[in-house]
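*Asks:* Model the structure of this input:
(one chain, ligands or ions: 3)
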Amino acid sequence: MKMINVILPLALPGTLTYSVPDTLCRAVTIGVRVLVPLGRSKTYVALVVGECREEPGFKLRDITAVLDSSPVATRLQLRLWEWVADYYMSSPGDVYVAAMPSGLKGEDNYRPKTERCVALAEALGSEASLHAALNILTASRARQQKAMFECFLRLSRWDTAFDDSLPSAVTGVTVEELTNESHCPTTILNALVRRGFLRIYEREVGRLNSRQPPHPENLKTLSEAQQRAHDDVVRSFAGKDVVLLHGVTSSGKTEIYMHLIARTLSEGKQVLYLLPEIALTVQMTRRLQRVFGSRLGIYHSKYSDAERVEIWQKQLSDEPYDVILGARSAVFLPFRNLGLVIVDEEHETSFKQQEPAPRYHARSVAIMLAHMCGAKVLLGTATPSAETYYNARSGKYGLVSLTTRHEGLELPEIEVVDIKDLHRRRMMNGPFSPRLLEAMRDALCDGHQVILFQNRRGFAPMIECQDCGWVPKCRNCDVSLTLHKTMNYLSCHYCGGAYTVPVACPACGSRALRSYGYGTENIEDRVREMFPESRVARMDLDTTRTRNAYDRIISDFSSGRTNVLVGTQMISKGLDFDNVSVVGILNADTMLNYPDFRAYEHAFMMMAQVSGRAGRKRKRGLVVLQTKNPGLPVIGQVAHNDYEKFYSELLGERRAFCYPPYFRLIYVFLRHGKEPVVEGAASEFAASLRRVFASRVLGPDKPSVAKVNLKHIRKIVIKLENGIDLAAVRAELRAVYEHITKNIYKTVEVFFDVDPL
Ligand code: ADP
Ligand code: ZN
Ligand code: ZN
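*Replies:* Ligands and ions are numbered 1, 2, ... in the order given. Model (predicted):
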């Protein structure tokens, strides 16, 4: 009898074993999907991962069908997933769920899908008829219809189509985008269609990038410095599997990548190019498409499942994409002949998946993938992570530096402004120092652009009753609520809960409620007030909820339609703007005071990256860095672009206090609705761990936000010296986990975070 091991899309600790009836034997191979019964009446699509040779002591159940005539996952992929599940201490089922698009996990077979799109009715082809339509809608007081119609014009860029000075790029808008973005239901859309303003048509999805030929002649000629870096990378690859390209912002790293990609393709091999999700913009994809045409495929978790299934299947076919540009999850795609993996912006924390399991780091998985394929890895960044920098310095990775910007652009001048002193002298204008306001005024007068960085969204991070000190808190989480003024509500940034803004203090009845602190929304308001002629845009989570909003804000800014951009760390992500002469960092202290051992590292990177947006063409840019602690060494190091100093001090501290890269960390999180239960489980867990790992175990402690979504959280930290047998450590951890969650603490949710960020 043939027996097989399968993975199900469930968080089961291992694989399950089934028997294969004789009639299906020939169709079953590793990597095909089968239908299996589970429990009394459920059927699942499962993936065959291996053969089982030992008879178990009980009767196996039969699989009921085989879904594929050829494997949908390669053996190499299965090995990689197994490594991920083991290393990150998650179940094979969780990895399977994260790795495969759901269209391949469900029972439906994938069909090419069409989506419904909206276009302007044919009769409205001229600017005059558009105005007439808007007038009719205004006159008939169809408020929502008007709003939706205007929203359509904005999304499709019809509002600029008649302006000769702007590139006319009327783009397709889907019904879904329009209803999302306008906050109007489809009934409103139907009314607009009935009235002859809009029409709806079907468009096949997933046909992106179908028949554009590649244009290698569009590759830019590398400058001397870039060519040298390029050749150094190639030379390094002869001896190292992983190379770090440490190049300042705007040095032309992306151009070097493109040459390396072309070179790899000419050897008949594939390339995986990973970017943080947020940096995977239309601008970036166009830049690559111009050179690689339809040899390039794009894999993005925000794409529809149908599109992702299509790319997956193309990668299994005889004509796969040669280059995949993708975010984190693209490491799980099938490759047949991978030669090079590029991890751009390797320092970005979004490469680590936080929730749910598997909590993997795409950079580490990429290195493992490349290792299994015999491919090389290039890590690129202007601000390497401490781990990568250490590995490059110690010779484990190759290191290539590029210290000059393209065309000899200068790095910006960074001016530190002491806002503590200015506050004392009452010279601050809200969150703005006089120096920053002056610089903004000059820039805008000269027709230049300004970027303002504040790492808090919303209007104010907190409101407080001035009479009794009451502060509104989330009912479900242990945090105070953020005021969002435009939409007039209080929001919890941990569970997303929304609350009405109280008129009076519920504790004492006072009406003296005051808001504290400045979020991006507040900054935006103030800029509008102080610079009424400026065209301000805001980029944070609240303004970029849809797939296109982010691209739109960026293209508006780079085309000059807006000239002040206010935003959170989103604005630091490798954007290329030519006309930005001033960058304001409004408050460095919120980042530095964050209670985490990586706070300085992250703050340094963030400030260096944001500063890198200034002065990209012709003119040297200015960064105004506002802080209450101008004397901190890290501030000086940012101001002088002194990476060496920053990293050597950082690594010194990390070594002294036993943190990565000198020690490895594993966090154990425990969650439960009842505080005494989680408290008890956490102390027993820690006690059991101490019996094995002794003083390597710290805690349990309350994390800085100790309750989220009605669940109380405890955290245990395990510090492991380099060289320790990690496989043995994981086995011990699993044993303790089994033991603790067996009986009274069965309902406690326990998970591990390996190499946490
Ligand atoms: P990085 O990735 O290091 O931030 P980019 O590759 O984005 O830098 O380069 C910054 C800008 O300079 C881009 O607009 C790019 O097109 C341009 N650039 C860089 N190198 C060259 C080159 N060799 N020839 C022409 N333009 C270049
Ligand atoms: Zn009060
Ligand atoms: Zn909450």
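*Asks:* Show me how far stretch 408-427 is from its chain's centre.
*Replies:* Chain-centre distance of stretch 408-427: 30 Å, with Cα atoms, centre = their mean, to the nearest Å.
*Asks:* what does stretch 411-429 give?
*Replies:* That offset, for stretch 411-429, works out to 32 Å (Cα atoms, centre = their mean).
*Asks:* Endpoint to endpoint, that stretch covers what distance?
*Replies:* 28 Å (Cα to Cα, to the nearest Å).
*Asks:* do that stretch and ligand 1 meet at all?
*Replies:* No - Stretch 411-429 lies out of reach of ligand 1 by Cβ under 6 Å from any ligand atom, never closer than 12.1 Å. Heads up, the C-betas are built off the backbone N, CA and C, glycines and all.
*Asks:* and that stretch, which residues are buried?
*Replies:* For stretch 411-429, the neighbour count (16 or more other Cβ atoms under 10 Å) marks 411-412, 414, 416-419, 422, 428 as buried.
*Asks:* Mind picking the one among those residues that's closest to Thr179?
*Replies:* The nearest member of the buried residues of stretch 411-429 to Thr179, counting by Cβ to Cβ, is Pro412 at 42.0 Å.
*Asks:* Around the closest residue to ligand 3 within the stretch 301-450 of the chain, count how many other residues there are.
*Replies:* Ranking the residues of the stretch 301-450 of the chain by distance to ligand 3 (Cβ to the ion) places Glu355 first, at 14.6 Å. Applying other Cβ atoms under 10 Å, we find 7 residues neighbouring Glu355.
*Asks:* Dihedrals phi and psi, it?
*Replies:* phi -150, psi 130 (degrees, to the nearest 10).
*Asks:* Show the contacting residues for it.
*Replies:* Residues counted as contacts of Glu355 (Cβ atoms under 8 Å, 6 or more residues apart in numbering): none.
*Asks:* Now do the phi/psi pair for Ala498.
*Replies:* According to degrees, to the nearest 10, Ala498 has phi -120, psi 140.
*Asks:* Please name every helix or strand in contact with the helix or strand bottoming out on mean pLDDT in the chain.
*Replies:* One helix or strand of the chain scores below all others by mean pLDDT, DSSP states H and E: helix 102-105, with a mean of 79. When contacts are defined as 3 or more Cβ pairs under 8 Å, 6 or more residues apart in numbering; DSSP states H and E, helix 102-105 packs onto helix 305-316.
*Asks:* I'd like to know the average pLDDT value across the helix or strand that comes right after the helix it packs on.
*Replies:* Following helix 305-316 in sequence order, the next helix or strand is strand 323-326 (DSSP states H and E). Averaging pLDDT along strand 323-326 yields 96.
*Asks:* Also stretch 178-194?
*Replies:* The average pLDDT for stretch 178-194 rounds to 86.
*Asks:* first to last residue in that stretch, what's the distance?
*Replies:* By Cα to Cα, the extent of stretch 178-194 from end to end equals 17 Å.
*Asks:* Mind listing what's buried along that stretch?
*Replies:* Under 16+ other Cβ under 10 Å, the buried positions of stretch 178-194 are 178-182, 184, 188-189, 191-192.
*Asks:* Return only those of these found close to ligand 1.
*Replies:* Applying Cβ under 6 Å from any ligand atom to the buried residues of stretch 178-194, none is adjacent to ligand 1.
*Asks:* In helices only, show me these.
*Replies:* Counting by DSSP state H, the part of the buried residues of stretch 178-194 found in helices is 178-182, 188-189, 191-192.
*Asks:* Could you provide these in CSV, with additional columns for distance to Tyr321?
*Replies:* Shown next, in CSV, are those (distance: Cβ to Cβ, whole Å):
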residue, distance to Tyr321
Leu178, 30
Thr179, 32
Asn180, 29
Glu181, 30
Ser182, 35
Ile188, 39
Leu189, 35
Ala191, 42
Leu192, 38
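*Asks:* Would you enumerate the residues in contact with Lys146?
*Replies:* Taking Cβ under 8 Å, 6+ apart, one finds 134, 137-138 in contact with Lys146.
*Asks:* from the middle of its chain, how far away would the helix or strand harbouring Thr254 be?
*Replies:* Using DSSP H and E, Thr254 sits in helix 253-266. Offset of helix 253-266 from its chain centre (Cα atoms, centre = their mean): 24 Å.
*Asks:* Buried ones in that helix, by neighbour count?
*Replies:* So helix 253-266, judged by 16+ other Cβ under 10 Å, has buried residues 253-262, 264-265.
*Asks:* Can you tell me which of the residues you listed is closest to Trp81?
*Replies:* Ranked by distance to Trp81 (Cβ to Cβ), the buried residues of helix 253-266 are led by Thr264 at 24.6 Å.
*Asks:* okay, now the closest residue to ligand 1 within the stretch 401-550 of the chain: neighbour count?
*Replies:* Nearest to ligand 1, among the residues of the stretch 401-550 of the chain, is His406, at 3.8 Å (Cβ to the nearest ligand atom). By other Cβ under 10 Å, the residues close to His406 number 20.
*Asks:* Could you give the backbone dihedrals for it?
*Replies:* phi -60, psi 140.
*Asks:* per-residue confidence for it?
*Replies:* So His406 comes in at 81 (pLDDT).
*Asks:* what do you get for Gly106?
*Replies:* Value listed for Gly106 in the pLDDT field: 63.
*Asks:* again, but for Ile200
*Replies:* 89.
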